[in-house]
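> sharing a model that was predicted from the sequence below.
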Amino acid sequence: MKLITAIFLTTFLAFAIGLFTFLPWWSFVFTSFIVAVAIHQKPGIAFLAGFSGLFILWTLLAVLKDTANEHILSTKVAHLFPLGGSYLLLILITGLLGGLVSGLAALTGSNFRKTSNK
Amino acid sequence: MRIVPFLLSSIATAALVVGLNTQLPLGGSKSPRLGYFLSPQQGFWQNAEATNQSYSENLNIKGIKSKVDVFIDERLVPHIYAENDLDAYYVQGFLHAKFRLWQMEFQTYVAGGRLSEILGEERLPLDRFFRRIGMVYGAEQTMERMNKNPLMKATVDAYANGVNAYIKTLKPDQIPFEYKLLDYQPEQWTPVKTYLFLMFMAYDLTARGATTDLKMTNTKNYLGYEAFDKLFPNIQDSLDPIIPQSTIFAKPSLNPIIPKDIDSIYLNKTNNSSEAIAPLIPNKNNGSNNWAVAGSKTASGKPILCNDPHLGLNLPSLWYEVQINTPTHNTYGASFPGSPAVIIGFNDSIAWGVTNATRDVIDYYDIKFKDTTMDEYWFNGEWKKAAHRIETIKIKGKPNLEELIAVTDFGPVMYDRSFKNASTEGKYLAIKWTANTAGNGLQTFYQLNRAKNITDYQNAIDTWTCPGQNFVFASKSGDIAIKQQGAFIARWKRQGDFIMPGTDSTYDWQGIIPNNENPMIVNPARGFVSSANQMPTDSTYPYYLGAATNFPLFRGIIINRKLAAMNGITAKDMQQMQMDNYNVFAEMARPVLLKYIDEKLLNVNEQRYVSILKKWNLKQDIAEQGATIFNAVWDSLSQEIFQDDFQKAKQPISWPDDATLLQSLLKDSAYAFADNINTKNKVETIQDDILLAVKKAATHLQQLEKADKLNWADVKDTRVNHLLKIPALSRLHLPIGGGKTCINATTDVHGPSWRMIVHLTDEIEAYGVYPGGQNGNPGSRFYDNFIDSWAAGIYYRLLFLNKQDAEKHEKIKWHITFING
């Protein structure tokens, strides 16, 4: 239950802070960190929660944009990078990248909590 | 105990964020900031526009006087209905920015020599080139002059305000794709940017001379004047000029005086010197077709006007379609993102189009400075003070570069000790160019947008200076006309074909040809007017037109031949004619080739190619193999004949024209250049050269055939490149025929950039298409949606609507309302 709550909060807060587009793209580092501090879990679980939260958010947002766009732009970018024009691969990389940054932030949060509790 | 893992994970997080937030080296350029670029809330995903996106909105905007309605049709063409002209230009600026912001700004970065600012040091040579040729200087001059005309100032200002109003509404996540890719931000638009863009067009259409004058000088010095004059003659035997032959011209009002020392100092048949190459050379085929047929030759009895300007093909396109309707005018056509008004189009009463005049309006003068400070130069027997202009070039990640440009009476010193190349080494070359000396910018187009009859047309183009154009005209009232207009220099023969001495005024321009002496015809008996960048007149015109090799010869011949033969013409006929792939050059050249080919000396395979060539229908259609064979053999022949003569040249030289070679082969069976000067014991004949050319071409053709690429369209390989030359954003391998000597002058990256046909019936019937789309966003379905139609020769019927009809027309899909507030 704690895990689900942590994932949900990570997703929700990252989305909310992302609405302020004048802030840097990586602002969710702070929200993911705070979630991991507030809902304390073992480092591995915290990483999983942080990772999943952003993986879900970024994948979902990308899929929504991409579907409405009928893959016009994603296919071009997937040639540019180059991913052989595979928009699915591009969406996956988008999700993994957000997830990884957020997971590390959450891991830091989990470690921080242990540090302070000592 | 957990402090170490905490520190480690903090560092890992920070390192990852920094890594993903940095532009990394990637090939020759840089990657985007990956985290930012892929972030769905900020990065490129935001530019993935929904295919069912609605463009309708209500906008409260400061800076307009009354409400403006914009109806947008299914092709994303806006139809602007405003209650006054300035509001209309404000909204045109807003819409250009909304759909083409990155492109319009990028183009002015190129023109203004600012690419290093966004792309880094590698672009510095190009930036310096544009600064030194005087692009910024010229734009400032034009703006200064135009600002004295309150109407033009207000127009360009209103346009700039509209662009900026859009930029102000732009949220960080909504900036165009390319800004995110290259990682920079849009800046404010200013009126001088409009003039910079127009300078770029002037450069593209008139500045080939900046390269050719240097190469021609090299070639003349290398070969000697006599041989040079044979290879670059000033007579074209088969010329069919814009003004029909045997037209009588009035006596010239200017008689330029030839300097006394021309033979020894200028044409110097004895000594040797040197020259250079520009980093961005305007394409030789920058040209176009336009024609108008009178009612006497059409099925409807009303004139039809056609225009297809041939330019570099890019995405986003140079052109943007628009209709502008105000109480003073109702005009439709192709506009330039970056500039107000319509450039090629029609209104309720008339239609107009342009092709490039290709006259030489750019010259080099060899300046003698006292010392390397460039403070004083020798002129008319005394030391004269040079002005110094300093331009600051910003470079991404590096300190600024202060570019010092000396300015003489002739113009800015383009090449000096700090900016030079193999051809200009040791020289100070000042450039004199009509584009630098304050043109009239947009006034001509502003007036053409409002012209009602032939008098208005003449008044409108009368002020046009640079780039010189052939303005074609037709009106509902039945008039047709064409005039070559621009500021053209009254030259003595060969003046400005080479670098000129800059130590005294005898080599300077002696005057501009008066407008009423520029070539023009109105309602000729033959019932049509046309131009295709050929020489405007035959040799009886009393002024020197510049080197004949500046002017493409063949399209003019086939256009005039076809128009003369046609009657009962319809708009459909004109569409087919613009798409015509008949190669009139091949019609003349093939018999010469075939005459000299001795098939007994060829192997089976070579004979097979020759037999395809014989059977070829002379059309450069998509699947024609004969076109591929013809072009391969001709190019090999040109190499075979001239390669040996030029191979020892140390500097860039000019290659003789196909037209010149053909002319020589047609009349001279013992052509001197046919001999290979490297073979001491043998004098090669044309026959020998053609045999070798066929054999060499056959080797190449065999490779093409093996790869299954012998069809003409595969060899030509037409593409429309993104302005950044990124293949993923470009359209490659387009199925289209044509070639540089066909009416459909489509080559690999160049061709008809806007095809327009206007039938001046009571209710105007107009067609158009360009290789691009109205939306510059690569993530939009309107980014390149015209390209397939363009390649296939399919035209769109242009919607030319009054406001009442626009409100309820079935093809109008969206409605933007601009309200002052």
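Great, that's in hand.
> nearest residue to residue 50 in space, please, no chain neighbours.
Picked chain A for this. residue A:106 (2.5 Å; Cβ to Cβ, 6 or more residues apart in numbering or on different chains). (C-beta placed from N, C-alpha, C; glycine too.)
> that was the other one, I meant chain B.
residue A:68 (3.8 Å).
> how near is that neighbour to residue B:45?
Computed as Cβ to Cβ, to the nearest Å, the residue A:68 to residue B:45 distance reads 11 Å.
> packing partners of the helix-or-strand element of chain A with minimal mean pLDDT?
When each helix and strand of chain A is scored by mean pLDDT, DSSP states H and E, helix A:87-117 comes last, with a mean of 90. Other helices and strands packing on helix A:87-117, by 3 or more Cβ pairs under 8 Å, 6 or more residues apart in numbering or on different chains; DSSP states H and E, are helix A:2-18, helix A:28-38, helix A:43-68, helix A:72-80, helix B:3-20, helix B:34-38.
> quick one: the last one to chain centroid distance?
Translated: helix B:34-38. Here helix B:34-38 is found 36 Å from its chain centre; the criterion is Cα atoms, centre = their mean, to the nearest Å.
> residue B:537: what's it in contact with?
Neighbouring residues of residue B:537 by Cβ atoms under 8 Å, 6 or more residues apart in numbering or on different chains: B:241-243, B:247, B:249, B:519, B:545.
> so what does it have for phi and psi?
Phi and psi for residue B:537, reported as degrees, to the nearest 10, are phi -140, psi 170.
> looking at it now. What's its pLDDT?
pLDDT, residue B:537: 95.
> distance check, it against residue B:662.
Residue B:537 is 22 Å from residue B:662, by Cβ to Cβ.
> which other residues reach the one helix or strand in chain B whose mean pLDDT sits lowest?
The weakest-scoring helix or strand in chain B, judged by mean pLDDT, DSSP H and E, is strand B:25-26 (a mean of 76). Here strand B:25-26 makes contact (Cβ under 8 Å, 6+ apart) with residue B:31.
> residue in the stretch 301-450 of chain B with the shortest distance to chain A?
Closest residue of the stretch 301-450 of chain B to chain A, Cβ to the nearest Cβ: residue B:315 (11.2 Å).
> phi, psi of that residue?
phi -120, psi 130.
> who's in contact with the residue nearest to it when sequence neighbours are not counted?
Excluding its sequence neighbours, the residue lying closest to residue B:315 (Cβ to Cβ, 6+ apart) is residue B:722, at 4.9 Å. Contact analysis of residue B:722 by Cβ under 8 Å, 6+ apart lists B:314-315, B:729-730, B:778.
> and residue B:722, how far from residue B:178?
9 Å.
> how many other residues sit next to residue 80?
I'll assume chain A. 18 (other Cβ atoms under 10 Å in any protein chain shown).
> that's the wrong chain, I meant chain B
By other Cβ under 10 Å, the burial measure for residue B:80, its neighbour count, is 25.
> strand partners of the helix or strand harbouring it, parallel vs antiparallel please.
Secondary structure from DSSP states H and E places residue B:80 in strand B:78-81. Paired neighbours of strand B:78-81 in the sheet (DSSP bridges): strand B:68-73 (antiparallel), strand B:320-326 (parallel).
> in stretch B:7-15, what's buried?
B:9-10, B:12-13 (16 or more other Cβ atoms under 10 Å in any protein chain shown).
> that older thread, can you tell me if the helix or strand following the least confident helix or strand of chain B touches chain A.
Following strand B:25-26 in sequence order, the next helix or strand is strand B:29-30 (DSSP H and E). No. Strand B:29-30 is not in contact with chain A by Cβ under 8 Å from any Cβ of the partner chain; minimum separation 11.5 Å.
> name the strands paired with strand B:29-30 and say parallel or antiparallel.
Using DSSP bridges, the strands paired with strand B:29-30 are strand B:25-26 (antiparallel).
> picking up where we left off before, please list which of the buried residues of stretch B:7-15 are also close to chain A.
For chain A, the contacts drawn from the buried residues of stretch B:7-15 by Cβ under 8 Å from any Cβ are B:9-10, B:12-13.
> now residue B:431, nearest residue through space, not along the chain?
Nearest to residue B:431 is residue B:414, by Cβ to Cβ, 6+ apart, at 4.5 Å.
> residue B:231 too?
Using Cβ to Cβ, 6+ apart, the nearest residue to residue B:231 is residue B:656, at 4.5 Å.
> and the one you found, how far from chain A?
41 Å (Cβ to the nearest Cβ, to the nearest Å).
> again with residue B:43
For residue B:43, the distance to chain A - Cβ to the nearest Cβ - is 7 Å.
> what score does that residue have for pLDDT?
On pLDDT, residue B:43 comes in at 96.
> what count of nearby residues applies to it?
24.
> ok, the closest residue to it other than its chain neighbours - how many residues close by?
The spatial neighbour of residue B:43 that comes closest, neighbours along the chain excluded (Cβ to Cβ, 6+ apart), is residue B:37 at 4.5 Å. For residue B:37, the neighbour count with other Cβ under 10 Å is 23.
> and the pLDDT at residue B:37?
97.
> for it, what are its contacts?
Contacts of residue B:37 (Cβ under 8 Å, 6+ apart): B:43-44, B:180-181.
> of those residues, which is the most crowded?
residue B:44 (27 neighbours).
> show me what contacts it?
When contacts are counted by Cβ under 8 Å, 6+ apart, residue B:44 touches A:73, A:77, B:37-38, B:177, B:180-181, B:779.
> which pair in those spans the largest distance?
B:38 and B:779 (14.2 Å; Cβ to Cβ).
> looking at those two, which is more packed in?
residue B:38 (26 against 23).
> contacts only, for the more buried one.
With contact set as Cβ under 8 Å, 6+ apart, residue B:38 has these partners: A:58, A:93-94, A:97-98, B:44-45.
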